[in-house]
Structures are given as C-alpha cells and as structure tokens.
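Using only what follows, build the 3D model:
(one chain, ligands or ions: 2)
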Amino acid sequence: MKSLMQTLIDTGNLGTVQEGVKKAVTMFPGGDAEALVLQVNNELNQYRVVANHRAKGRSGLCSLRGKTIELHGKLFEEGREGPRDSTLLHEVAHAITYVLAPYAKGHGREWKFIMQCLGRKPSRTTNTEDYDYSFLAEDRKKSAKLIYACQKCEAELAAQRKKKHPIEAYTHTGCGGKLYLKENRVTRQTFPNPSAALAA
Ligand SMILES: [Zn+2]
Ligand SMILES: [Zn+2]
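Ligands and ions are numbered 1, 2, ... in the order given. The predicted model follows:
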C-alpha cells in the first residue's frame with residue numbers, strides 16, 4: 001500500500017497528473033484556478049493505492065469515501081505498464097472529478113474532459129484494443145458459474161447466470177456454431193458436446 005503521490009512518482013505519471021489538473025480547472029472559466037488546483041492536490045494527497053489480488057474481472061476502482069484507488073494485482077506485474085497506467089489515470093480522473101464536479105455522473109462529460117486533460121482517450125471500459133486486458137477474461141472465467149461452449153469450435157464462454165433463452169437460440173459470434181452448456185460449476189455437472197455425440 002502506497003500513497004497515490006508516491007505511486008504517481010514511481011510510475012512516472014506525476015507530471016502528467018499535475019499538468020492535467022491545471023488544464024482541468026479551466027472547466028470553470030473565471031474561477032480561482034490556483035485555489036482549485038490546490039483543492040484537487042489536497043484531495044489527491046489523501047489517496048492511497050492498493051493492489052487487489054481478489055479482483056474479479058475489474059482492472060481498477062476509485063473509492064471516494066475510502067480515499068483509495070484499487071488496481072488489479074496483475075497490473076503490477078512486469079510488462080503490464082501500459083494497462084497499469086491507463087487504469088491508474090482512469091481512476092485518478094474519477095478522484096479529480098469528485099472534487100471539481102461532485103454532481104457529475106461517473107463517466108459523464110466532466111470525467112471525459114478530465115481524461116482528455118490527462119492525455120487519455122475517455123474510454124469507459126477496459127475493452128480497448130490499445131492494451132492487453134486478457135487477464136480480466138481469465139478472472140471472469142475463474143469466477144464463472146456456468147461455462148458455455150461452441151458446438152463447432154469448442155470456444156468457451158464464461159457466464160455468471162443462465163442465458164435468458166434456451167441455449168439452442170445462441171450462436172458463437174466467432175464461427176456461427178451453436179452453443180451448448182458445457183459445465184455448471186454450482187451443481188458440479190459437466191455435459192458433452194451434443195454434436196460430437198451425434199457424430200460418434
Ligand atoms: Zn471508471
Ligand atoms: Zn465457434
């Protein structure tokens with residue numbers, strides 16, 4: 001556990017955030033820019049950064065009450081600097097938004113503006129091609145209650161709850177094959193591929 005400021009120094013992001021805050025306060029033309037910068041910095045000074053090793057399919061979280069930024073434990077591994085910084089700045093943008101625009105929606109236009117001030121694309125999710133977030137898909141698979149699979153190519157899809165319609169109604173977007181329920185981890189049952197059974 002480290003202070004946010006120390007984390008920003010260690011990851012080489014302090015300059016980006018300091019410059020970003022100066023730009024962000026221009027959201028209020030005519031306001032006392034210096035006072036706002038001070039206010040934001042005072043707030044950021046109170047934050048700590050923690051690694052969450054039990055995160056389930058989420059790369060980061062910003063807690064206003066707890067003054068904590070949580071980052072997925074895997075983001076601290078070597079070679080993950082890209083998604084680490086991307087997630088860190090996404091969460092810092094939330095912390096800044098809380099000070100400058102407490103009325104704003106989570107990923108509303110104020111947050112988006114602040115993301116741009118930090119030199120980042122205001123993308124809401126980690127579902128981006130810029131960085132490799134495949135470790136999140138592994139998490140989701142580990143915590144999934146149901147595993148569906150494609151009858152044609154055996155690609156697996158993890159799910160938390162049962163599909164709305166009978167499984168025959170769904171196809172695998174990758175190859176067009178029909179899906180089947182392969183594993184129910186709640187009842188500890190596994191099921192064979194029905195088309196493989198037909199062919200046998
Ligand atoms: Zn967010
Ligand atoms: Zn398939």
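
tell me the domain ranges of the protein?
2-134, 144-199 (automatic domain parsing).

which one of the ones you listed is the most hemmed in?
With neighbours defined as mean count of other CB atoms under 10 Å, the domains of the chain peak in mean count at domain 2-134, which reaches a mean of 17. For glycine as for every other residue, the C-beta is placed from the backbone atoms N, C-alpha and C.

How far does that one stretch from one end to the other?
26 Å (CA to CA, to the nearest Å).

CA atoms only for the helix ranked longest in the chain, dumped as PDB, please.
In the chain, with assignment by DSSP state H, the single longest helix is helix 81-100. Provided in PDB are the C-alpha atoms of helix 81-100 (Å, rounded to 0.1, in the frame of the first residue of the first chain):
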ATOM      1  CA  GLU A  81       2.900  -0.900 -17.600                       C
ATOM      2  CA  GLY A  82       0.500   0.100 -20.400                       C
ATOM      3  CA  PRO A  83      -2.700  -1.100 -18.900                       C
ATOM      4  CA  ARG A  84      -1.500  -0.200 -15.400                       C
ATOM      5  CA  ASP A  85      -1.000   3.500 -16.300                       C
ATOM      6  CA  SER A  86      -4.200   3.500 -18.300                       C
ATOM      7  CA  THR A  87      -6.200   2.200 -15.400                       C
ATOM      8  CA  LEU A  88      -4.400   4.400 -12.800                       C
ATOM      9  CA  LEU A  89      -5.200   7.600 -14.800                       C
ATOM     10  CA  HIS A  90      -8.800   6.400 -15.400                       C
ATOM     11  CA  GLU A  91      -9.200   6.200 -11.600                       C
ATOM     12  CA  VAL A  92      -7.300   9.400 -10.900                       C
ATOM     13  CA  ALA A  93      -9.700  11.100 -13.300                       C
ATOM     14  CA  HIS A  94     -12.600   9.900 -11.000                       C
ATOM     15  CA  ALA A  95     -10.800  11.300  -7.900                       C
ATOM     16  CA  ILE A  96     -10.400  14.700  -9.700                       C
ATOM     17  CA  THR A  97     -14.000  14.700 -10.900                       C
ATOM     18  CA  TYR A  98     -15.200  14.200  -7.400                       C
ATOM     19  CA  VAL A  99     -13.600  17.500  -6.300                       C
ATOM     20  CA  LEU A 100     -14.300  19.600  -9.300                       C
END
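
ok, now which ones touch residue 45?
Counting by CB atoms under 8 Å, 6 or more residues apart in numbering, residue 45 touches 3-5.

coming back round to it: of the domains of the chain, which is nearest ligand 2?
domain 144-199 (3.1 Å; CB to the ion).

Tell me where the protein has strands.
2-3, 48-52, 60-63, 68-72, 146-150, 156-159, 179-184, 189-190 (DSSP state E).

per-stretch mean pLDDT over those strands, give me the minimum one.
Per-stretch mean pLDDT for these is lowest at strand 156-159 (a mean of 86).

Can you read off the pLDDT for residue 126?
59.

quick one on the thing from earlier: what packs against the longest helix of the chain?
Judged by 3 or more CB pairs under 8 Å, 6 or more residues apart in numbering; DSSP states H and E, helix 81-100 is in contact with helix 4-10, helix 14-24, helix 33-45, strand 60-63, strand 68-72, helix 109-117.
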